[in-house]
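Chemist: Make a model of this:
(2 chains)
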Protein chains: 2
Amino acid sequence: MKAEVITVGTELLLGQIIDTNSVYLSRKLAEIGIDLFFKTTVGDNIERLKKAMEIAESRADIIILTGGLGPTVDDITRQAVSEFTGKKLIFNNDILLRINEFFKNRNIEMPECNKIQAFLPDSALIIENKVGTAPGFILEHNSKIIIVMPGVPAEMHPMMENVVIPFLLKKEGYLKNVIKYKILKVTGLPESEVNDRIKDIFENSNNPSIGVLAHQTEIDIRITAKAEDEKKADEMIEKMKKEIYNRLGENIFAEDDEILEGKVAELLLKNNLKISVAESCTAGLLSFRLTNIPGSSRYFMGGVNVYSNYAKTEILGVNKDTLERYGAVSEQCAKELAINCRKKFKADIGVSITGIAGPEGGTKEKPVGLVFSCIDFKENIYSFKYNFSGNREVIRARAVQMALFNLYKLLKGSN
Amino acid sequence: MKAEVITVGTELLLGQIIDTNSVYLSRKLAEIGIDLFFKTTVGDNIERLKKAMEIAESRADIIILTGGLGPTVDDITRQAVSEFTGKKLIFNNDILLRINEFFKNRNIEMPECNKIQAFLPDSALIIENKVGTAPGFILEHNSKIIIVMPGVPAEMHPMMENVVIPFLLKKEGYLKNVIKYKILKVTGLPESEVNDRIKDIFENSNNPSIGVLAHQTEIDIRITAKAEDEKKADEMIEKMKKEIYNRLGENIFAEDDEILEGKVAELLLKNNLKISVAESCTAGLLSFRLTNIPGSSRYFMGGVNVYSNYAKTEILGVNKDTLERYGAVSEQCAKELAINCRKKFKADIGVSITGIAGPEGGTKEKPVGLVFSCIDFKENIYSFKYNFSGNREVIRARAVQMALFNLYKLLKGSN
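Modeler: Model prediction:
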C-alpha cells in the first residue's frame, strides 16, 4: 500500500519553518512497511489543497495531511477536506467541551475562534488531541483513507503513535511487508571511493537495497530490507552487512544511532584510560565532542585550546625553537603539543591538532586545509598529516573527525 | 509567475535527512517575489519524477529540481529530465575536464562513474559547480523554465545565488512584487516573554507581517514586507523594526545573517582587546564559537577546558580550598577560573563557565542545569548564575550562548 504526505502551511512555502513533520511521518510509515512515493507541501489555500488531494488520491491509498487545523481564518484544512470528500462539517459538542476544558486548565477563557475546531467532517473518526485544542480525524473516501492531524509536532506525534499507526495496522490488507534498515557509518574516505568499492553490490541489489549518503564528516550506507516479517528482514540485512564490511570494514566506525565519540568513549572506559587534548585551529571542538557523552569526566581530563603561539609555548611548553624552525603548523609542533598535554594533565593519551583552517593564512608550502595531528598513546607517538578541502567550517570539522577516528582505530587495535 | 520546487531523493522519503534545500529555495524565491505554491518530494525513480514534473509543469512556470545529479546509478534526475523534455543527453568535454581537475586538485584519480556527470540535456544552459563535481543546468521547455541543481547545499547555494537568481531577474515579466525580510535575533528571554511583548503588533500586522521562530539558543523575529519596489519594502521594514526594538531592544543582538560571536569579535577588534576562556561543563564550545570567525587569532589567545578538578587546580590554579568549600560548580570557582585564565593567557578579558550539564551529577542544592559564569573584564569581575532547563546538549549550548551575550553587552556598554 502506498501513502502520500501533504503538509499544509504557507510558512512552509516561504521557508520560515523547516518541515520536520514529513520527516517524522516518513520514518513512521517506513517502520510499518508502508511505501511513501511522494510528499507535497501546499500553502493555506483551499483550491490548491483540494487539487493536491486529488493528485494524491490518484496515486496513493492513504493520504496523510498535517497542518491547517488551527482556529484562524488561514487554517483551511478542515474546510478543504470537507469540500473534497463532500462530507459536511458537523458540530461536535464533546469536542467543544474538551477545548473549553483545555483553556480552563490554563486559566484562560476560550477565545471565540477556537469553536471552529469542534466542527469535523461527517462520519469522521475523531483523533483526540491530548496536548492542544485541534482534534485530528480519519475519513474513508473512494476506498482511500484520509488522515488529518495538526501541524504542531508535539500534538501530532502522539496522535500518530497512539491512534493512526494502530488503526493502519488493524486495517486488513494494508500491511504485507516489514521494512527494516541498518545504517553503517563510514569515515576517512571520499564519497567516490566508497561508491567505487561497493558499486557492484549497489547495482545488483534490489532487496535489500543500499543507498549512500554523504555528510560533512561521514558517509552513511543504508541497507533497506523488505520482507514478510522482521526475522527475515534482519537476516537479509545481516548478510548484506557482512558483504559491505568486507569492502569497507576498516572505515566503518559505527552503526545506526551510534556516534564516533561514543565509540571512543566506550573504548576509553573499557581500558580505563584518561585522555587530554591540545587544539590549535579547532580550538575546543575535539574537547567538546569528547564531552558530548554523559559521564565523560570518567575519561576526559581536559584540554588546552592553544590558539596563539603564546599559549603553545607558555601554557603547553612547546619549544620556541620548534615554532621558529618549523612553524606552529608542523608535525614537530603537533608532537610536542600531544606529548606535553598528556603530561600536563597526567593522562594516558594526549591528542593534538594544529592546522590552517582559512580562509586566510595559507601559503604555497602550507596551504589552507593543511592539518597535523598527533596522538601520544602511552608514550608511543602517532603522527598524521592531512590536506583537507572545503571552507573553514568543513576543515575544522574534518580535522576533529579524523583525530577521533585515528583514536578509535588505535584504541580498537590495542584491544 | 509561479514556481514549484521538486526535491529528489529516496532518503528524503524515508525520513533519513531533513529537506533543508526546499526551505532555502523557498526563501530565495520569496525574496525576489516569485510565488511558490507547491513543493514536492520524489524518490530516486525515473517514472515518478517524470510524473511529478508533468504535474509541476501544469501549474507552475518555473520548476526547480534539486538532487539526483550524483555519479551513481540511483542518481536519475539527468535521465528523467532528458526523457521528460525529449532533449538527449549530450557529452560535454569541458565539463569532463573540470571534473577531472577537481579530482586532480585532491590528488585522487577520477572514478570512472563520475564521467556520467559530463552528460547534459541538449541546449541546456550549464551552471558551473565550483564546489563539487556535478554541474547544474537550466532548460526551457514548453515555454516553462526547468532549473536543475545538485542536492548538496554547499554546491547548490552558490549556483542559486550566482546564476539562477540573476537569470530569473533578467527574464522579463517574472517580477511584479518584491518581498523583503529582516530578521531580528533575540536571546536571553523565553519565547513566551518575547511573544507577550510583541503580541499586539503581531496580531495587528498584515503587511509587513511578523513571524517568531524559536531556536535552541535564540529567537528570530522575521519582518516580511511586500511592496512594488525595494525602497518601499525597506521603508516598511524600517518602521516595524523600530517598533520591535522599542519592546525588545535590550535582547536583540544581531540582524539577518549576523551571528553573536561575530558581533563580539567586532567589538573586541574595535577595542583592541584580547580574550581567553576557561570552560568546565561546556568543555571547548565557547572557544570554538569565538574562533568561528576568520582572523580570530587577532583577539583570541586561547582557552583551557578544565573538565576535571585536577585541571582546575593544576592548570588554572584554582584554590583547592575553594573546590572543597564551595565545589567546582560555584560562583567562587567561576571567579577564580575567569581571573586566572585572563592572567595565564595575558589577556584583557577572561570568561569562565562551570555547571552541571547532566543528565547525571545533579543534587537538590545543585540541580542539573545550574551554571555559573564569570567575566573578568580588565579586573572588573561580573558574575552570572543560571538554572537552565533542557537536556545536556541544550544546557551546554545555552550556557555558551549566555556567556557570549553577557560579553557582548559588556563590550557594547563600555563603548
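Chemist: A:Pro208 contacts A:Glu235, correct?
Modeler: No: using CB atoms under 8 Å, A:Pro208 is not in contact with A:Glu235, being 10.0 Å away. Where C-beta positions appear, they are placed from N, C-alpha and C, glycine not excepted.
Chemist: Between those two, tell me which one has more neighbours.
Modeler: A side-by-side neighbour count of A:Pro208 and A:Glu235, using other CB atoms under 10 Å in any protein chain shown, places A:Pro208 first with 24 against 13.
Chemist: what's the helix or strand for the residue nearest to that one when sequence neighbours are not counted?
Modeler: Spatial nearest neighbour of A:Pro208, excluding adjacent residues (CB to CB, 6 or more residues apart in numbering or on different chains): A:Ala225 at 3.9 Å. Secondary structure assigned from DSSP states H and E places A:Ala225 in strand A:219-227.
Chemist: Could you pull up phi and psi at the residue in the stretch 101-250 of chain A positioned nearest to chain B?
Modeler: As assessed by CB to the nearest CB, chain B sits closest to A:Ser192 within the stretch 101-250 of chain A, at 4.3 Å. According to degrees, to the nearest 10, the main-chain angles of A:Ser192 amount to phi -70, psi -40.
Chemist: residues touching it, list them.
Modeler: B:71, B:103, B:108, B:110-111, B:113-114 (CB atoms under 8 Å, 6 or more residues apart in numbering or on different chains).
Chemist: how far away is it from B:Lys241?
Modeler: 47 Å (CB to CB, to the nearest Å).
Chemist: And the nearest residue to A:Ala283 once chain neighbours are set aside, what's its pLDDT?
Modeler: When the adjacent residues along the chain are set aside, A:Ala283 lies closest to B:Thr291, with 4.0 Å between them (CB to CB, 6+ apart). pLDDT for B:Thr291: 98.
Chemist: Likewise for A:Asp257?
Modeler: So A:Asp257 comes in at 86 (pLDDT).
Chemist: Which residues of the stretch 1-150 of chain A lie near chain B?
Modeler: Residues of the stretch 1-150 of chain A lying near chain B by CB under 8 Å from any CB of the partner chain: A:11-20, A:22-28, A:30, A:36-43, A:45, A:48, A:51-52, A:55, A:59.
Chemist: So what pairs up with A:Asp376 in the strands?
Modeler: Per DSSP bridges, the residues bridged to A:Asp376 are A:Gly350, A:Ile381.
Chemist: Tally up the residues packed near it, please.
Modeler: 25.
Chemist: That one against A:Asp348, yeah?
Modeler: No: counting by CB under 8 Å, A:Asp348 is not a contact partner of A:Asp376; they are 9.1 Å apart.
Chemist: mind listing what A:Ile275 touches?
Modeler: A:268, A:290, A:299-301, A:347-351, A:407.
Chemist: In ChimeraX, select just the buried ones from those residues.
Modeler: The ChimeraX command for the buried members of these (criterion: 16 or more other CB atoms under 10 Å in any protein chain shown) is given here:
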select /A:268,290,299,300,301,347,348,349,350,351,407
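Chemist: Report whether whichever helix in chain A runs longest contacts chain B.
Modeler: Scanning chain A for the helix with the most residues, using DSSP state H, yields helix A:392-413. Yes: counting by CB under 8 Å from any CB, contacts between helix A:392-413 and chain B involve A:392-394.
Chemist: which residue packs closest to whichever residue of chain A sits closest to chain B, ignoring adjacent ones?
Modeler: Closest to chain B within chain A is A:Gly284: 2.7 Å, counting by CB to the nearest CB. Once flanking residues are discounted, A:Gly284 sits nearest to B:Gly284: 2.7 Å by CB to CB, 6+ apart.
Chemist: count of neighbours near the residue of chain A closest to chain B?
Modeler: 30.
Chemist: And it, its phi and psi?
Modeler: Dihedral angles (degrees, to the nearest 10) for A:Gly284: phi 110, psi -10.
Chemist: ok, now A:Gly132?
Modeler: According to degrees, to the nearest 10, A:Gly132 has phi -130, psi -160.
Chemist: A:Lys366 now?
Modeler: phi -120, psi 80.
Chemist: wait, it sits on A:Val329?
Modeler: Yes: taking contacts as CB under 8 Å, A:Lys366 lies within contact range of A:Val329: 5.5 Å.
Chemist: which neighbours do these two share?
Modeler: In contact with both A:Lys366 and A:Val329: A:Ile356, using CB under 8 Å, 6+ apart.
Chemist: Show me which of these two is the more surrounded one.
Modeler: Set A:Lys366 next to A:Val329 and count neighbours by other CB under 10 Å: A:Val329 wins out with 21 against 15.
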